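Peer 1: please work out how this folds:
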Amino acid sequence: MSDEELQDLVASTDTGGRIPSNKTIILVMSATALIWSIFQVWIASPIPYELGWGVFSTRESRPIHLGFAVFLAFLAYPAFKNSPRRRIPLADWVLSIVGTFCVLYPFLADTSLAEAISGLRLSNRPSNPTEFDIVVAVIGMILLLEATRRALGPPLMVVAIVFLSYTFFGPYAPDLIAWKGSSFGGTTYHQFLGDEGVFGIALGVSTDLVFLFVLFGALLDRAGAGNYFIKVAFALMGHFSGGPAKAAVVASGMTGLISGSSIANVVTTGTFTIPMMKRVGFNSEKSGAVEVASSVNGQIMPPVMGAAAFLMVEYVGIPYFEVVKHAFLPAVISYIALVYIVHLEAKKLNMQGLSRNGESKPTSWVLMSWGITLSMIIALAGGLYYLYEVYHFLETSTARLAGIVVVLAIMYGIAGLLKKSADQSTVAKTISTGAMVLGTTVIGAFGLFFVIDLIKTTFGDETQWVIMALILVAYLLLARISSSYPDLEMDDPNSAVVELPETGPTVKSGLHFLLPVVVLIWCLMVERKSPGTSAFYAAALMIFILFTQRYLFAFYRGEGTAGTIRRGLDELVEGMIAGARNMIGIGIATAAAGIIVGAVSQTGVGLKLAALVEFLSLGQIMLILFWTAILSLILGMGLPTTANYIVVSSLLAPVIVALGQQNGLIVPLIAVHMFVFYFGIMADVTPPVGLASFAAAAVSGGDPIRTGFVAFFYSLRTALLPFLFIFNTDLLLIDVSAGEGVLIFVIATGAMLIFTAGTQGYFMAKSKLWESVALILIAFTLFRPGFWLDLAIEPYEERGGNGLVQAMADVDPGQEIRLIVAAEDDVGDPIALTMLIKVGDEATGQERVEGYGLELLEDEGKVIVDGVTFNSAAEKAGFDFDQVITSVGVPVERPAKELFYVPAFLLLGLIVMLQRRRRNPLAETAAV
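Peer 2: The predicted model follows:
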């Protein structure tokens, strides 16, 4: 495809494929999008609260948000493939205006003007709609479904219609899922006029959070950050064997920060990376598959993660920061594994890296570049949180100064020893460079923490103005540095000779782009501000940068500044318009998915579906996880990631938690939601409908189905991770210390690389079948050493239910006791639940039981729950009146599960020795 056709492909899926030729109509659409962005920035800013004017409640902001989306959807998305693209038919104007009025109606009907007309506001007559209310709601629902079909295709519309139909025809459904049904008025109020359906949590997240992050990404991209990230990735990674493919992985990870769309990511980076991959030896399908796998993974990379991260905040009920913390490790491991997959593919084909100025850099330089890059990413994205915890753990300035001195000593000590040693190997240089980078990062972070604390102490309420002044100074300095280097221009990937840019000048030419990213991460990770507030500050800084960067660059370079302010303003307006157009599909998707969520809450079908899923899975947790993964993939073939996550998590997340509890597995809710999310994004890869694969094939000229299958094979590591963190929640950094987190990262990364080598059939040389199987077994052991330990030694000594008090007295505080509890489900059928009780530090066993929140009664040898303290740990764990404690499991003394690493590493060493000999024919001949 040509570049114009590719951009049209992205537009037709993300922003609407219609581009009218009439300038007035273009102006109307652009002005609407611009006003939408301004409205969203306004309601997110503190200005309305300071002025006491222009504050919008959720019942007001959500309809307005959806009104903009519906209006633009009918104008931007044609009804059919053969509908006109260069003009907007009259029917679409009518649908646009009527649809906008209908979705605005819940807001308009709650104003003083509506009260004057009808005598009563909508909120004052709950579940009692008038005939006019019902007519507007019905028309609004129909037009919302049509907008969904246009913007997102038929699948989401069909699923929403099925659930809506079930609301009315429940009595005629099969007995297993039958329900009494609902009246027309009751359904319309629940779905459209209240806060449960269309205007529920999903649309609220889109309104309050997602828009700002999408706008932030659009502004970054319009400022030139997208091109900057791609060029930096190539400068750092291009010298590897198969360098363009590795650069594609890193570039897609960076641009994933500014693009929540897999397809847009493929086209943005793929038009440059795919031809280069083909140039160094990848075929069309593999080059497209690498780009697809890396682009899709952009949605799992914190801190943005598309819209799903913000929905998890609402559905799981934990702070946004906790979602980011849990998502960080699997995302980094997945990207490292993808780089390794590319490395193995390059080694199989003996590919060479690209050159800079006609000369290739030595391998040592390449590995040092990768070490530096990885160290900086990990230190910035994940380490900031732990550094802040360490900083506050060192309570005095003296202790903090001592900490900096220790870090300096370690950093320069390692670097000095390695430089003085005779071993000047690549590994030594890489470790030395990594130590310097990480040490500098720690010192810089401590210094920044100290300065901020000093400012807060000195200036009090005026702190924010001082920090804003410091950010302004930092921006001016970074812009001065960046302006010293030429503006980055993307090379033509189809040119005869491709030379990589110099690393230093390339990185320094866009340092000012990193400032708003740092502000975003700082507000989220350190200041612990809400996602909306953090995104507002980052977006506000991006607005200022877009408006001023052209002028500053021209001023610093001594060029003419005439027209630069106007150009900056034009780019700012274009960025805000692009951000709004990128939100059309997301706004429509969250509203349509709200219909499904509303149907689930109104009909209680989730409980009935739980029974069906339990029947299909035979009560086995692995089978239900398998069916959930399959359902996510099937729904994801037609649903966008956000809608897919909303649907599947609403239906199956509680089921997995309940069945896990019945199978002796305590599954944290965040782990289940991450499981659903991961398989939701896999649908963008999976043939036959994976749109990202089709987009990559359009660029590469390969077969889209084959591209999809290769991309799915490359993404097996992403499919493996959800199963792993269900059974090993340490991967999500749940209840682990900083030291444990580092160890988990190292072991899990090594395990994933070994698993990747096993599935690719190539480690240090081409693997034999038994070696591939052994590598996968080694990876499993590193991920779950406790599996083998549980087979060897039972983790608990079982006692009767009447032994609970004594068990609580015998076990040390902080340990966990396992209880088997006989209970009943929601329909009265008997079930067995598994509960874990963390032992408190009270003096006696009875006091510990009471401190946990349980009141027990012994009756004829049975231990019965006679009461549960309100808001206690027992109530949160699921204990309820009249449950019977049948078994108490007391933890037994066992060796550390990490002992199973020893045989795993010995087997790995054997494979390494055998493959090194095969890789070196001379050694093999000498041995013979």
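
Peer 1: rest of the way, CA atoms for contacts and neighbours
Peer 2: Noted.

Peer 1: for the stretch 551-700 of the chain, what spans make up the helices?
Peer 2: Secondary structure of the stretch 551-700 of the chain, counting by DSSP state H, counting those that start in this stretch: helices at 564-582, 584-603, 605-617, 621-636, 641-662, 669-682, 691-700.

Peer 1: sorry, that was for the stretch 151-300 of the chain
Peer 2: Going by DSSP H, counting those that start in this stretch, the stretch 151-300 of the chain shows helices at 154-169, 184-188, 201-205, 211-223, 225-237, 243-255, 262-280, 284-296.

Peer 1: so for the fifth one, what's the average pLDDT?
Peer 2: So that's helix 225-237. Average pLDDT, helix 225-237: 78.

Peer 1: so which elements touch that helix?
Peer 2: Under the contact definition 3 or more CA pairs under 8 Å, 6 or more residues apart in numbering; DSSP states H and E, helix 225-237 sits against helix 243-255, helix 363-381, helix 503-508.

Peer 1: report the distance from it to the chain centre.
Peer 2: Distance of helix 225-237 from the chain centroid (CA atoms, centre = their mean, to the nearest Å) equals 22 Å.

Peer 1: after the one helix or strand residue 24 maps to, which helix or strand is next?
Peer 2: Element membership for residue 24, per DSSP states H and E: helix 23-44. Using DSSP H and E, the next helix or strand after helix 23-44 towards the C-terminus is helix 47-51.

Peer 1: from the chain's centre, how far out does that following helix sit?
Peer 2: For helix 47-51 - counting by CA atoms, centre = their mean - the centre lies 32 Å from the chain centre.

Peer 1: all strands for the stretch 701-850 of the chain, in order.
Peer 2: 796-800, 816-824, 830-838 (DSSP state E, counting those that start in this stretch).

Peer 1: for the ones you listed, which one sits closest to residue 692?
Peer 2: Residue 692 sits nearest to strand 830-838 of all those, at 41.7 Å, using CA to CA.

Peer 1: using PDB, list the CA coordinates for stretch 122-131.
Peer 2: Taking C-alpha atoms only, stretch 122-131 is exported to PDB below (Å, rounded to 0.1, in the frame of the first residue of the first chain):
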ATOM      1  CA  LEU A 122     -35.000  13.500  35.900                       C
ATOM      2  CA  SER A 123     -33.000  12.700  39.000                       C
ATOM      3  CA  ASN A 124     -36.100  13.500  41.200                       C
ATOM      4  CA  ARG A 125     -38.200  10.700  39.500                       C
ATOM      5  CA  PRO A 126     -35.900   7.700  39.600                       C
ATOM      6  CA  SER A 127     -37.100   4.600  37.800                       C
ATOM      7  CA  ASN A 128     -40.200   6.500  36.800                       C
ATOM      8  CA  PRO A 129     -39.700   7.600  33.200                       C
ATOM      9  CA  THR A 130     -42.300   9.500  31.200                       C
ATOM     10  CA  GLU A 131     -43.300   8.500  27.700                       C
END
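
Peer 1: what's the closest of the helices of the stretch 551-700 of the chain to residue 864?
Peer 2: Comparing the helices of the stretch 551-700 of the chain by CA to CA, helix 641-662 comes nearest, at 18.5 Å.

Peer 1: hang on, the earlier thing: rank the helices and strands packed on helix 225-237 by pLDDT, which is bottom?
Peer 2: helix 363-381 - the lowest mean pLDDT of those, at a mean of 47.

Peer 1: residue 537 against residue 519, yeah?
Peer 2: Yes: checked against CA atoms under 8 Å, the pair residue 537 and residue 519 is within contact range at 7.4 Å.

Peer 1: picking that back up, mind listing what's buried in the helix holding residue 24?
Peer 2: 29-30, 32-37, 40-44 (16 or more other CA atoms under 10 Å).

Peer 1: could you dump the helices of the stretch 551-700 of the chain to JSON lines with mean neighbour count and distance to residue 778?
Peer 2: Formatted as JSON lines, the helices of the stretch 551-700 of the chain follow (neighbours: other CA atoms under 10 Å; distance: least, CA to CA, whole Å):
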{"stretch": "helix 564-582", "mean neighbour count": "22", "distance to residue 778": "44"}
{"stretch": "helix 584-603", "mean neighbour count": "26", "distance to residue 778": "42"}
{"stretch": "helix 605-617", "mean neighbour count": "17", "distance to residue 778": "29"}
{"stretch": "helix 621-636", "mean neighbour count": "20", "distance to residue 778": "21"}
{"stretch": "helix 641-662", "mean neighbour count": "23", "distance to residue 778": "26"}
{"stretch": "helix 669-682", "mean neighbour count": "25", "distance to residue 778": "23"}
{"stretch": "helix 691-700", "mean neighbour count": "27", "distance to residue 778": "32"}
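
Peer 1: would you single out the least confident of those?
Peer 2: Looking at those, the weakest mean confidence is helix 605-617, a mean of 70.

Peer 1: let me have the helices of the stretch 151-300 of the chain in TSV, adding mean neighbour count and distance to residue 612 as columns.
Peer 2: Converted to TSV, the helices of the stretch 151-300 of the chain look like this (neighbours: other CA under 10 Å; distance: least, CA to CA, whole Å):
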stretch	mean neighbour count	distance to residue 612
helix 154-169	18	16
helix 184-188	19	25
helix 201-205	25	26
helix 211-223	27	37
helix 225-237	25	46
helix 243-255	29	39
helix 262-280	25	33
helix 284-296	30	32
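
Peer 1: turn those helices into TSV, including distance to residue 309.
Peer 2: Formatted as TSV, the helices of the stretch 151-300 of the chain follow (distance: least, CA to CA, whole Å):
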stretch	distance to residue 309
helix 154-169	21
helix 184-188	30
helix 201-205	10
helix 211-223	11
helix 225-237	22
helix 243-255	17
helix 262-280	16
helix 284-296	15
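
Peer 1: can you list contacts of stretch 797-809?
Peer 2: 817, 839, 844-846, 848-849, 858, 861-863, 885-892 (CA atoms under 8 Å, 6 or more residues apart in numbering).

Peer 1: show me the shaky parts of the stretch 451-600 of the chain.
Peer 2: Across the stretch 451-600 of the chain, the ranges flagged by pLDDT under 70 are 490-500.

Peer 1: how about the stretch 201-350 of the chain?
Peer 2: 239-242, 253-265, 267-268, 302-308.

Peer 1: please name the nearest non-neighbouring residue to residue 80.
Peer 2: Nearest residue to residue 80 in three dimensions, chain neighbours excluded: residue 150, at 7.8 Å (CA to CA, 6 or more residues apart in numbering).

Peer 1: mind checking the helices of the stretch 151-300 of the chain for the one nearest to residue 543?
Peer 2: Closest among the helices of the stretch 151-300 of the chain, using CA to CA: helix 211-223, at 7.2 Å.

Peer 1: which residues touch the nearest residue to residue 711 once chain neighbours are set aside?
Peer 2: Excluding the flanking residues, the one nearest residue 711 by CA to CA, 6+ apart is residue 289, at 4.2 Å. By CA under 8 Å, 6+ apart, residue 289 lies in contact with 693, 696, 707, 708, 710, 711, 714.

Peer 1: report the contact partners of the third one.
Peer 2: Listed by CA under 8 Å, 6+ apart, the contact partners of residue 707 are 285, 286, 288, 289, 693, 694, 696, 697.
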